[in-house]
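1. sequence? don't have it. structure:
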């Protein structure tokens, strides 16, 4: 009865928020539901097979791919907006209470208690690297908390990226793991073994600890430039609408999760390939004489991956950086990102912290101009294709401004 009351109150609050023009209202609805019935997440998760997706980067994309891959098995609830903490998860689960499946994105700090509440059928572990230190804390502490959290769920299937040292440590002792070689373009945060503190030695794609019985497991799933390979000699063409090597790894883990729940690999791979845009990410927008493609990055590993997706033939590159609380107010991470090698492309530093970014670009030897307003920064580029790479609030605000101008 308390749960039904909580959901009615949440629905009323969401409706009022929409009428007042304060957004979709899903977050306020979820918050109110949790206040009235603290166990509402557990209630909403009963009789539902759930896949949780977590990691520092790629959560929203992989969750969308997982939802698409699971669709052949039945109706799937998921987040439409990437709200990955408790209120957003409750809001997503309440959209269709009869759906037998859920694909839920979870902030890595929230994974242990969300898993306790939902008892997931599978958890996708993507990657783990340094994020906002003022909010998240040291990365080895996060690894230990996630390892302890997953140990409480021995029957849950862990879909784990064996190319990531920290993710491997989380899943290494778990009795029910599917190992996926999903790639790891960022190894700066795992130079030492999370279990012994001794160095990690890389030998090609294989890695091992010099101080513990801990090394890269053999993957059951892996990708190359054209195919997805899996158990029993499976080899499928993998054609994605989204760019980048990282998204091929995301798709491999989404397919592995769907197969773990009983899906067919061929159908799951085709479904993952249909995902084109995630909350404005990767979309292309016409801005005057410019065709602007929007990319989001939120931490050093994500920035490095996004920079690898930049089209070198684009006429301009706008890099927009804010320093608000959701971004992390300390921008020292800019010095961990390799901004070099943009010869032939007009680069513009934008955002509230355009000057800080400009200093970093100067030291990287990148010729650039500084135009704090991202829309004006796009307009300052030569006509044609412009790549726009922004951190969280800069990306959010630019999307809002673009939608307001259309």
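-> Sure thing, it's come through. All of these numbers come straight from a predicted model, not from anything done at the bench.
2. ok, residue 99 - contacts?
-> Going by Cβ atoms under 8 Å, 6 or more residues apart in numbering, residue 99 touches 48, 74-77. Yep, even glycine has a C-beta here, placed from its N, CA and C like the rest.
3. in ChimeraX, select just the buried ones from those.
-> To isolate the buried subset of these in ChimeraX, counting by 16 or more other Cβ atoms under 10 Å, use the following:
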select :48,76,77
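4. need the contacts of residue 99 in TSV (columns: pLDDT, secondary structure and distance to residue 110).
-> What follows is those, written out as TSV (pLDDT from 0 to 100; DSSP: H, G, I helix; E, B strand; the rest coil; distance: Cβ to Cβ, whole Å):
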residue	pLDDT	secondary structure	distance to residue 110
48	95	coil	18
74	96	coil	26
75	97	coil	24
76	97	strand	20
77	96	strand	18
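5. same list, the contacts of residue 99, but as CSV with distance to residue 127 please.
-> Below are the contacts of residue 99 laid out as CSV (distance: Cβ to Cβ, whole Å):
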residue, distance to residue 127
48, 26
74, 29
75, 29
76, 23
77, 25
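6. ok, of the contacts of residue 99, which one's closest to residue 238?
-> Nearest to residue 238, judged by Cβ to Cβ, of the contacts of residue 99 is residue 76 at 20.8 Å.
7. strands paired with the helix or strand harbouring residue 222, and their directions?
-> Using DSSP states H and E, residue 222 sits within strand 221-223. Using DSSP bridges, strand 221-223 pairs in its sheet with strand 177-181 (parallel), strand 227-229 (antiparallel).
8. out of those, flag the one nearest residue 329.
-> Evaluated over these, closeness to residue 329 peaks at strand 177-181, with 34.9 Å, by Cβ to Cβ.
9. can you name the element that comes right after the closest one?
-> Heading C-terminal from strand 177-181, the first helix or strand you meet, by DSSP H and E, is strand 200-203.
10. what comes up buried for that next one?
-> Buried, per 16+ other Cβ under 10 Å, within strand 200-203: residue 200.
11. from the chain's centroid, how far away is it?
-> Relative to its chain's centre, strand 200-203 lies at 26 Å (Cα atoms, centre = their mean, to the nearest Å).
12. that strand pairs with which strands, parallel or anti?
-> Assessed with DSSP bridges, strand 200-203 is paired to strand 206-209 (antiparallel).
13. deepest of the strands paired with strand 221-223, which one?
-> strand 177-181 (a mean of 23; mean count of other Cβ atoms under 10 Å).
14. got a list of contacts for that one?
-> The contact list for strand 177-181 (Cβ under 8 Å, 6+ apart) reads 157-163, 171, 205, 217-223, 249, 252-253, 256, 260.
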